[in-house]
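Undergrad: Below is the sequence, then the predicted model.
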Amino acid sequence: MLVINLLVQQEKRVYLTQQHHDFVDALGGHGFLRTVLFNDGVSIDSDNVEIISKEQLHALGEKFRSAL
């Protein structure tokens, strides 16, 4: 498993570059603190915004596990 952290914004709705904005748009349009699951280079689950608690992260891990 490969985990990548990509910073696209320093604050909500202020993107570092147009390319960062375009990348977020391709994943669904909103992006601050978003967790995305890719399988073979394809986004298969990208609607996970602002996962901040231990419980939320655990639930997301289980969701991703079942998706694979």
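TA: Here it is on my side, so go on.

Undergrad: The closest residue to N48 other than its chain neighbours and Q18: what is the separation?
TA: Nearest non-adjacent residue to N48, counting by Cβ to Cβ, 6 or more residues apart in numbering: T35, 4.2 Å away. (C-beta placed from N, C-alpha, C; glycine too.) With distances taken as Cβ to Cβ, to the nearest Å, T35 is found 23 Å from Q18.

Undergrad: Give me the more crowded residue out of those two.
TA: T35 (19 against 8; other Cβ atoms under 10 Å).

Undergrad: Which pLDDT value goes with that one?
TA: Looking at T35, its pLDDT reads 79.

Undergrad: likewise K54?
TA: For K54, the predicted pLDDT is 86.

Undergrad: dump the residue contacts of it.
TA: Contact analysis of K54 by Cβ atoms under 8 Å, 6 or more residues apart in numbering lists nothing.

Undergrad: Contacts for stretch 37-48, please.
TA: 27-28, 34-36, 60, 63-64, 67-68.

Undergrad: Can you name the two of these that sit furthest apart?
TA: G28 and L68 (19.8 Å; Cβ to Cβ).

Undergrad: And those two? Which one has more around it.
TA: Shown here are G28 and L68; by other Cβ under 10 Å, G28 has more neighbours (13 against 9).

Undergrad: Please enumerate the strands of the protein.
TA: In the chain, the strands defined using DSSP state E lie at 9-11, 14-15, 37-39, 42-45.
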